Structures are given as C-alpha cells and as structure tokens.
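[1] sequence and predicted structure are below.
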Amino acid sequence: MHILITAGPTREFIDDVRYLSNASSGQMGYALAIAAAAAGHQVVLISGPTLLSPPAGCEFHGIETTAEMLAACESVWPDCDGVIAAAAVCDYRPAQRIAGKIAKTGNGLTLDLVETPDILATLGATRGTRWNVGFALEAQDAYARAIKKLQRKHCDAIVLNHPSAIGASENTVELLLPSGESAAHWSGRKSEIAILLIAWIEANLAK
Ligand code: C5P
C-alpha cells in the first residue's frame with residue numbers, strides 16, 4: 001500500500017521568532033513510518049519539527065505550520081491508499097503573524113486566535129475508497145470524545161490514548177471502530193504498537 005503518515009507537532013507563528021506549539025516528540029508517527037516501510041509499504045511521512053531523523057526508505061516532507069502540513073498532505077493524497085494521522089496539530093493559530101519581533105511594553109499581551117484547518121477531516125471528506133486512521137489524545141470523557149472525532153473526521157478507526165503518551169517512548173492505547181466497539185487494547189513501546197497497528201490495517205482496511 002501507499003500510506004500517508006502525519007507526525008510531530010505543528011508550529012503557529014506569533015511573530016518571526018515566537019510560535020505556539022505542543023510537546024509532541026513525533027515518536028509514534030515515526031515508529032509507524034518505520035513499521036510500515038519494514039512491512040513493504042510505500043510511505044510518505046509528513047512531519048512537523050522533531051529531534052528524530054527521517055526514517056530510511058520513506059518519502060519525507062518536513063513542514064512547520066498546519067497550513068504547510070495540509071498543503072503537503074493534499075499534494076500526495078491522490079496517490080495514497082490511506083492515511084494515519086499521528087500528528088499533534090495545533091488547533092489554533094494567531095489571527096495574524098506580526099512581521100519582526102513584538103516588543104515588550106510593560107503591559108500584558110492578548111493573542112487573538114483562530115482555528116486551524118482540520119487536516120484529517122479535510123482528507124476524510126475526499127477519501128472515496130481510501131481509509132483513514134486517526135489518533136485521539138483525551139484527558140477526560142475519553143471514549144465519547146474519541147468516537148465523536150472518529151465520526152467527524154470520517155475515520156475507519158481511531159487510536160485513543162492519554163496525555164501521558166506525549167513525549168514518552170511507551171504508550172497504552174485502545175483502537176475504536178465506527179460501531180463504537182473496541183477492536184484492540186495495546187500497551188508497550190511505541191515501536192511495538194506501531195507494528196500491531198500496521199498489521200491491523202493490513203488485515204482490516206487494505207483492499
Ligand atoms: O486534535 P484532535 O484531538 O482533534 O486530533 C485528532 C486527530 O485529528 C489526530 O489524528 C490528528 O492528527 C488529527 N488532526 C488533524 N488536523 C487538525 C487537528 C487534528 O489532522 N487540525
């Protein structure tokens with residue numbers, strides 16, 4: 001299969017030197033890219049800034065902003081069989097990026113934020129016969145929130161995990177289906193979970 005994987009955080013710039021982002025390390029997405037390539041798939045990895053090296057054997061696109069991640073995804077999506085969205089995309093961006101560097105005034109500063117585009121939902125809306133697998137990182141009301149996201153983003157499955165997954169090399173996840181059923185519970189190193197998820201996709205979503 002030809003698999004699109006998103007990974008890492010995105011950055012949303014306040015001015016030319018400051019940005020909003022999150023603590024995503026990219027480990028889950030990179031582990032998925034490594035596992036998919038090792039299983040013989042053609043992988044396109046689109047990643048925000050991380051400390052990880054682009055995995056061998058993958059087509060790699062490094063991006064910074066959510067808009068850049070969306071543009072890169074849309075350019076490769078027509079040639080892909082499915083997407084695994086493991087990126088921790090910023091949900092908001094400053095309404096405008098100020099040129100240069102905002103100077104301190106001695107007063108507070110209020111940022112006006114607007115929502116970023118939802119990449120997975122955008123790909124899902126044009127998916128046709130392609131498959132979509134998302135991730136949901138939830139702190140409370142996890143099951144209900146994850147199922148809502150699965151539906152809104154047109155996913156075939158969503159990997160529910162907990163905020164403790166951020167930056168960690170291990171993870172505990174539950175794989176949820178559109179029916180609301182739980183297809184799997186996996187716990188272990190992200191590299192091990194990645195192998196299990198790729199095998200599950202091969203068995204359940206590949207045409
Ligand atoms: O941030 P949220 O919990 O909505 O993320 C759920 C899923 O949607 C993840 O797979 C994430 O990669 C994806 N997502 C996206 N574009 C966004 C926000 C989230 O592709 N703007």
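    Nice, thanks for sending it over.
[2] what number of residues lie near Val83?
    Val83: 26 surrounding residues under other CB atoms under 10 Å. Where you see a C-beta, it was placed from the backbone N, CA and C, and this is true even at glycine.
[3] so the residue nearest to it when sequence neighbours are not counted, which state does it fall into?
    Closest residue to Val83 apart from its sequence neighbours, by CB to CB, 6 or more residues apart in numbering: Leu4 at 4.3 Å. Of the three states, Leu4 takes strand under DSSP: H, G, I helix; E, B strand; the rest coil.
[4] looks like Leu4 contacts Ala86 (just checking).
    No. Leu4 is beyond contact range of Ala86, at 10.8 Å (criterion: CB atoms under 8 Å).
[5] how about the lengthiest helix in the chain: buried residues?
    The longest helix of the chain (DSSP state H) is helix 190-204. By neighbour count with 16 or more other CB atoms under 10 Å, helix 190-204 contains the buried residues Lys190, Ser191, Ile193, Ala194, Ile195, Leu197, Ile198, Trp200, Ile201.
[6] list the contacts of the fourth one.
    In other words, Ala194. Met28, Ala31, Leu32, Ile34, Ala35, Ala36 (CB atoms under 8 Å, 6 or more residues apart in numbering).
[7] now the fourth one, what's its secondary structure?
    Going back to what we said before, that points to Ile34. helix.
[8] tell me what the helix or strand containing Gly188 is packed against?
    Element membership for Gly188 (DSSP states H and E) is strand 182-189. With contacts taken as 3 or more CB pairs under 8 Å, 6 or more residues apart in numbering; DSSP states H and E, strand 182-189 sits against strand 170-176, helix 190-204.
[9] please repeat the previous calculation with a cut-off of 6 Å.
    strand 170-176 (3 or more CB pairs under 6 Å, 6 or more residues apart in numbering; DSSP states H and E).
[10] looking at the chain, which helix or strand is least sure?
    Every helix and strand in the chain was compared by mean pLDDT, DSSP states H and E; the lowest is strand 170-176, with a mean of 94.
[11] and it, how far out from the chain middle?
    Averaging C-alpha positions (CA atoms, centre = their mean, to the nearest Å) puts strand 170-176 15 Å from its chain's average.
[12] so that strand versus strand 182-189, what angle?
    Taking axes from the mean of the first three to the mean of the last three CA atoms, to 10 degrees, strand 170-176 and strand 182-189 form an angle of 170 degrees between their directions.
[13] which other residues reach strand 170-176?
    With CB atoms under 6 Å, 6 or more residues apart in numbering as the test, strand 170-176 has contacts from 146, 157-161, 165, 182-187, 189-190, 193.
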